[in-house]
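Student: Just a sequence and a predicted model for now, questions to come.
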Amino acid sequence: MKKTGFIFDLDGVIVDTAKYHYLAWKNLADELGIDFTEEDNEKFKGVSRKRCLELLLEMGNISVSQVQFDAWLEEKNEDYLKYISNMDESEILPDVTKVLGYLKEKGIPMALGSASKNAVSILEKVELMSYFDAIVDGTQVTKAKPDPEVFLIAAKKMGVEPVNCVVFEDALAGIEAANTAGMESIGIGDVKILSDADHGFNNFTEIDLGFLNDLILLLKSKN
Ligand code: BG6
Ligand code: MG
């Protein structure tokens, strides 16, 4: 039986920050005269801040100097930080703590695998740092999701083989990254959008302990 590891994305999986990323990008898009919908925002989920701005500027056919590009990156982040400044435990998504608590009790290693450079500050705000044995965030990766780098580093930090890991993700790019890493993928959100995931749930309230136990057994048996 192999050692297993559970990897969680942050934004849109553990906390409902996906809506704040959307609002901050929407504000910048409005300022630049670019039409930006929630549907467009799906492509921004899981994707690094820099890549998101590149996508936005492509949508508006805008090319800019490096200085202006960096200024808009900063502006978006400042705006986002305002939205999350008062965040607390009440913004943890329903039943996330139940799942994290159960796995902790069972001694299963857990890691965060997020593209965000704000991940540690958010985990501190919502007081979830103590659950994680390893944190991999946007400050540690060179290749953004859908590249599997973030999850492969997380597996390594936990001392678990990728094939014995599972990833919880709300982003298309994240499911692709987990699948490429050879990990079991669990889509959290619209199952139609995340149809490439091995399992899909609208949210954590649909995940029962029986499912988690079966998942642990499945992961332990994989070579
Ligand atoms: C991901 C979000 O978790 O982090 C993306 O899904 C976001 O929407 C990315 O762009 C980078 O986040 P940050 O906090 O570094 O701007
Ligand atoms: Mg996410």
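Tutor: Received the coordinates, thanks. Ligands and ions are numbered 1, 2, ... in the order given.

Student: Burial check on the nearest residue to residue 93 once chain neighbours are set aside, number of neighbours?
Tutor: Nearest non-adjacent residue to residue 93, counting by CB to CB, 6 or more residues apart in numbering: residue 16, 5.8 Å away. No exception for glycine: its C-beta is placed from N, CA and C like everyone else's. When neighbours are defined as other CB atoms under 10 Å, residue 16 has 15 of them.

Student: what separates residue 16 from residue 188, distance-wise?
Tutor: Per CB to CB, to the nearest Å, residue 16 is found 11 Å from residue 188.

Student: next one: residue 102
Tutor: When distance is defined by CB to CB, residue 102 is 16 Å away from residue 188.

Student: more crowded one of the two?
Tutor: Of the pair residue 102 and residue 188, residue 188 is the one with more neighbours under other CB under 10 Å, namely 28 against 14.

Student: How about the contacts made by the more buried one?
Tutor: Residues in contact with residue 188, defined by CB atoms under 8 Å, 6 or more residues apart in numbering, are 12-13, 168-170, 194, 200-204.

Student: Now restrict these to buried residues only.
Tutor: Among those, those scoring as buried are 12-13, 168-170, 194, 200-201, 204 (criterion: 16 or more other CB atoms under 10 Å).

Student: out of those residues, which touch ligand 2?
Tutor: Restricting those to those near ligand 2 by CB under 5 Å from the ion leaves 12, 170.

Student: Tell me the one among the buried ones among the contacts of residue 188 nearest to ligand 1.
Tutor: Nearest to ligand 1, judged by CB to the nearest ligand atom, of those is residue 12 at 6.0 Å.

Student: So that closest one is in contact with residue 22, correct?
Tutor: No - counting by CB atoms under 8 Å, residue 12 does not reach residue 22; the two are 9.9 Å apart.

Student: ok, which residues in the protein are in contact with ligand 2?
Tutor: The interface of the chain toward ligand 2, taken as CB under 5 Å from the ion, is made up of 9, 11-12, 170-171.

Student: among these, which are in strands?
Tutor: Residues of these located in strands (DSSP state E): none.

Student: do the lowest-mean-pLDDT helix or strand in the chain and ligand 1 meet?
Tutor: None of the helices or strands of the chain scores lower by mean pLDDT, DSSP states H and E than helix 38-42, at a mean of 93. No - judged by CB under 6 Å from any ligand atom, helix 38-42 makes no contact with ligand 1; its nearest approach is 7.9 Å.
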